[in-house]
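Enquirer: I would like to see how this sequence folds:
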Amino acid sequence: MTTKLFLALTIAAGLSATPVLAQQITPKAKGDIVLNVRLTDVAPKAGDPIVTAAGAATGLKTDVKDDIKPTIGLSYFLTDKLAVEVIAGTTRHTVKAVGAGTDVAVHKAWVLPPVVSLQYHPLPGARFSPYVGAGLNYMLFYSGKDQNGFTVDLDNGFGYALQAGADIPINAAYSLNLDVKKVWFDTDAKINGGALTSKVKLDPLVVSVGFGRRF
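Expert: Residues are numbered from 1 along each chain as shown. Reported below is the predicted structural model:
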């Protein structure tokens with residue numbers, strides 16, 4: 001468990017016990033629409049080897065830095081316990097080549113990773129209302145800027161995600177929201193026109209904390 005994830009869970013647990021939350025709860029219900037505005041940390045895994053066009057090892061690996069940005073999520077409840085959520089947001093990441101005596105930025109890119117998931121809310125009327133979900137995502141890289149004389153090309157594509165989270169009602173309309181997603185996605189990175197390549201397993205952990213408004 002990352003430090004950021006542990007901190008988010010600790011904050012959520014503390015908020016669930018706050019007296020202001022101890023009031024009448026209106027259960028989630030079929031037809032509800034929930035808009036969540038969150039602060040999101042996208043932390044890629046990466047660490048994959050960089051090889052030559054012929055497949056020879058270079059001793060270098062990719063390193064993709066995480067980023068924190070606001071995101072939004074829109075959910076529609078198909079039943080009292082089943083919902084479909086679409087999330088949108090964009091983050092900017094620095095791609096580096098690292099190895100013995102080497103730590104150099106080669107590219108900076110924005111990524112738009114929308115995720116559509118089907119969620120199950122087992123306790124729609126609870127004061128701490130957890131949920132789990134699964135879905136698909138699409139990674140779209142844009143506005144890339146090459147660094148330090150390198151050129152980098154990243155392939156867009158589909159991935160999949162698992163999700164867990166919880167809503168902590170404040171009143172009938174508003175709630176606190178904690179959301180964690182694990183996304184699995186690989187991209188082919190071509191450096192200097194393919195002279196160097198890497199099969200980058202981004203597989204980011206996406207941790208969010210925010211507020212929800214139910215309509």
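
Enquirer: Next, the buried residues of the longest strand anywhere in the chain.
Expert: Assignment by DSSP state E gives strand 129-146 as the longest strand of the chain. Of all the residues in strand 129-146, those buried under the rule 16 or more other CB atoms under 10 Å are 129, 131, 133, 135, 137, 139, 141, 144, 146. In this view, the C-beta of every residue, glycine as well, is placed from N, C-alpha and C.

Enquirer: Within its sheet, name the partner strands of that strand and how each one runs.
Expert: With DSSP bridges as the test, strand 129-146 is paired with strand 102-112 (antiparallel), strand 115-120 (antiparallel), strand 157-169 (antiparallel).

Enquirer: what pLDDT, on average, does it get?
Expert: For strand 129-146, the mean pLDDT works out to 96.

Enquirer: Please pull up the helix or strand immediately following it.
Expert: strand 152-154 (DSSP states H and E).

Enquirer: which strands and helices sit next to that following strand?
Expert: Contact partners of strand 152-154 among helices and strands, from 3 or more CB pairs under 8 Å, 6 or more residues apart in numbering; DSSP states H and E: strand 102-112, strand 129-146, strand 186-191.

Enquirer: go again using 10 Å as the cut-off
Expert: In terms of contacts (3 or more CB pairs under 10 Å, 6 or more residues apart in numbering; DSSP states H and E), strand 152-154 is packed against strand 91-99, strand 102-112, strand 129-146, strand 186-191, strand 196-201.

Enquirer: could you give the angle of the second one to strand 196-201?
Expert: What it means is strand 102-112. If you take axes from the mean of the first three to the mean of the last three CA atoms, to 10 degrees, strand 102-112 sits at 60 degrees to strand 196-201.

Enquirer: And for the fourth one?
Expert: Angle of strand 186-191 versus strand 196-201, following the same axes, to 10 degrees, is 160 degrees.
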